[in-house]
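pasting the sequence and the predicted coordinates here, then a few questions.
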Amino acid sequence: MSAHHLPSKGHAGSPMSTGLSKCSCDMEQKRTSPQTMASTPLSCSTWSTWLLQVQWRFKDGQRRSVLRNTLSKKNRFKSNDISDLNSWQVRRWLGIQHLFCVDLLTTTQVKRGMENALFCVFCHFLADMFEELSTLSLTLQRNDLILPQAMSELRKTVTRLDGLKSRAKSGGMLEKIQTTLAQHGDDECRFQGIPLKGNLTGLTDLTHPQLKKHMEAAINIGVTELKARFGGLLNDEAEVKTQVQAFKVFNHDTWPDDLGSLLTFGDGDVADLVRHFREPLERSGCDLAAVQDEWQGLKILVSQSFKDKSYSGLWETMLTKEPYREDYKNILELVQLMLALPISAAQCERGFSAQNRIKSSKRSSLAVSTTEDLMRITLEGPSLEDYDPSPAVDRWMNSAKRARRPDYKKLWDRDILCV
């Protein structure tokens, strides 16, 4: 083989260029056959030389055959040479990942596994499981998400995932495939025209041992990762209560109806919050000594007059309406801290995406103030269906120093025709 048949060299001095250059010289001097490779220890340079010969001299089927015979003699490698032929580092360096296909499943084996009824049923179960996780993900990405709602959605998702271990989701994909299998009975069952193979016993009632094992493993992985990600939000029995958990006292839907219990409800959590946020509260002029007294009065007021209000509606009223925002201004400082908590980073990601769309290479000269205004409109403005452009158009028409002439070109064409 001549040198011009080899791949192009890499950058000068790189391992790839050095290796290929050496391989090229070695291959020009002598041909290394599989028989020679089988009778001598393989050094790194010899191995790379021979692999390049295999890559360029043989077709795909011949490559696999030659490699299979050589890879079976791994024990002949020297201790200071390549000891693991399946190393991804070696594969990338040599640039011939596709040659290491002997340890992978063949397409026939993959096809046989996908036609198994157990595999088909398990995939339908995964579809139901991922739908629950997808609902949680979409909820946590909402811009108007509040803390109690996020915690409730997390607990609901974990409960539903645990429930999937023993029963199929109502109306879900697993229930549909179970109904299909039950209708066929002992007859040949087909899924999208492909006959399913394997024993169907236990797949329709989730008593199949392998199916139950795989389902429980998948659910346990999902629940474990959720608990690891969201920590104390899913654990009421945590030894150390976090400040995020303490903010739950401001969810008036969980307040007790009994007046005696209501008077002492959340006092410890409010005290913990005041202690944790002491510095920012003092900087804002909050009277820390009056927080507990205002907390008592706020609970009685809400339970008697605002129990029917929503979570966001209640605190919007308290923070914007008189005399509430003045009478309870100290305890409302904690409420404002709670409302400012970022539940997720989805809105930040939307902001980066909006900036990339607005300030593109064709609009790179936009001023900072203009970019900020356009981003605010994009992120917080109304949807196109709800937006009425008439006020903006009227302001544009009347705000110019000279009169706007939106029909100027049309009038100009008409005047030319008249001439």
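Received it, and whenever you're ready, just let me know what you need. Quick caveat, the model's predicted, so the values are computed rather than measured.

now do residue 132 against residue 167, distance only.
Distance of residue 132 to residue 167, computed by CB to CB, to the nearest Å: 14 Å. All C-beta spots, glycine's among them, are computed from the backbone N, C-alpha and C.

which of the two has more neighbours?
More crowded of residue 132 and residue 167, by other CB atoms under 10 Å: residue 132, with 21 against 11.

can you give me the neighbour number for the closest residue to the more buried one other than its chain neighbours?
Spatial nearest neighbour of residue 132, excluding adjacent residues (CB to CB, 6 or more residues apart in numbering): residue 160 at 5.3 Å. For residue 160, the count of nearby residues is 18 (other CB under 10 Å).

try the one 4 residues further on
Applying other CB under 10 Å, we find 21 other residues in the vicinity of residue 164.

in this structure it contacts residue 215, no?
Yes - with contact defined as CB atoms under 8 Å, residue 164 counts as touching residue 215 (7.0 Å).

helices and strands around whichever helix in the chain runs longest, which ones?
The residue-count maximum for a helix in the chain (DSSP state H) belongs to helix 117-140. Here helix 117-140 touches helix 147-163, helix 173-184, helix 209-230, going by 3 or more CB pairs under 8 Å, 6 or more residues apart in numbering; DSSP states H and E.

out of those helices, nearest to residue 318?
helix 147-163 (16.0 Å; CB to CB).

give the buried residues for the closest one.
Neighbour counts using 16 or more other CB atoms under 10 Å place 147, 148, 149, 150, 151, 153, 154, 157, 158, 160, 161 of helix 147-163 among the buried residues.

in this structure the last one contacts residue 225, no?
If I follow you right, that is residue 161. No - counting by CB under 8 Å, residue 161 stays clear of residue 225, with 10.8 Å between them.

contacting residues around residue 129?
By CB atoms under 8 Å, 6 or more residues apart in numbering, residue 129 lies in contact with 161, 164, 218, 219, 222.

just give me the closest of those residues to residue 308.
Nearest to residue 308 out of those is residue 161 (CB to CB; 33.1 Å).

what is the burial count for the residue nearest to the closest one when sequence neighbours are not counted?
The shortest distance from residue 161 to any non-neighbouring residue, by CB to CB, 6+ apart, is to residue 219 (5.2 Å). Residues near residue 219, counting by other CB under 10 Å, number 20.

and residue 373, by the same measure?
Residue 373: 13 neighbours (other CB under 10 Å).

other residues contacting the host helix or strand of it?
Element membership for residue 373 (DSSP states H and E) is helix 368-380. If you take CB under 8 Å, 6+ apart as the criterion, helix 368-380 is touched by 143, 347, 350, 351, 354, 355, 357, 358, 359, 366.

what's the mean pLDDT across it?
The average pLDDT for helix 368-380 rounds to 90.

quick check: what element follows that helix along the chain?
Later in the chain than helix 368-380, the nearest helix or strand by DSSP H and E is helix 390-398.

give the buried residues for that next one.
Buried-residue list, helix 390-398, by 16+ other CB under 10 Å: empty.

returning to that earlier point: of the contacts of helix 368-380, just say which sits nearest to residue 335.
residue 143 (19.2 Å).

how about the secondary structure of the closest one?
Following DSSP: H, G, I helix; E, B strand; the rest coil, we place residue 143 in the coil state.

quick one: secondary structure of the closest residue to it other than its chain neighbours?
Leaving out its chain neighbours, the residue that sits closest to residue 143 by CB to CB, 6+ apart is residue 347, at 5.3 Å. Put simply, residue 347 is helix when judged by three-state DSSP.

correct me if wrong: residue 347 contacts residue 145.
No - at 9.5 Å, residue 347 does not count as touching residue 145 under the criterion of CB under 8 Å.

circling back to that earlier point, what sits against the residue nearest to residue 161?
The contact partners of residue 219, by CB under 8 Å, 6+ apart, come to 129, 161, 162, 164, 165.

now with 10 Å?
125, 129, 132, 158, 160, 161, 162, 163, 164, 165 (CB atoms under 10 Å, 6 or more residues apart in numbering).

give the contact list for the fourth one.
Read it as residue 158. Residues near residue 158 by CB under 10 Å, 6+ apart: 132, 136, 219, 222, 223, 226, 227, 230, 234.

format those as CSV; extra columns: pLDDT and distance to residue 173.
Shown next, in CSV, are these (pLDDT from 0 to 100; distance: CB to CB, whole Å):
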residue, pLDDT, distance to residue 173
132, 93, 12
136, 92, 18
219, 94, 15
222, 91, 16
223, 91, 20
226, 90, 21
227, 86, 26
230, 83, 26
234, 71, 26
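
from those residues, which is closest to residue 333?
For these, the nearest to residue 333 is residue 230 (26.4 Å; CB to CB).

grab the nearest non-local neighbour of the closest one.
residue 154 (5.8 Å).

pLDDT score for the nearest residue to residue 119 once chain neighbours are set aside?
Once flanking residues are discounted, residue 119 sits nearest to residue 113: 5.9 Å by CB to CB, 6+ apart. In this model, residue 113 is scored at 82, pLDDT.

is it true that residue 311 touches residue 251?
Yes - with contact defined as CB atoms under 10 Å, residue 311 reaches residue 251; the gap is 6.4 Å.

more crowded one of those two?
Regarding residue 311 and residue 251, a neighbour count based on other CB under 10 Å identifies residue 251 as having more, with 18 against 15.

could you measure that one against residue 146, distance?
9 Å.

same check, this time on residue 334
To residue 146, residue 334 is 15 Å away according to CB to CB.

picking up where we left off before, could you export the contacts of helix 368-380 to CSV, including columns for neighbour count, secondary structure and distance to residue 404?
Supplementary listing: these in CSV, determined by neighbours: other CB atoms under 10 Å; DSSP: H, G, I helix; E, B strand; the rest coil; distance: CB to CB, whole Å:
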residue, neighbour count, secondary structure, distance to residue 404
143, 11, coil, 35
347, 15, helix, 36
350, 15, helix, 34
351, 15, helix, 33
354, 17, helix, 29
355, 16, helix, 30
357, 12, helix, 28
358, 17, helix, 25
359, 17, coil, 27
366, 14, coil, 23
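
which one of these sits closest to residue 117?
Of all the contacts of helix 368-380, residue 350 has the smallest distance to residue 117: 42.8 Å, by CB to CB.
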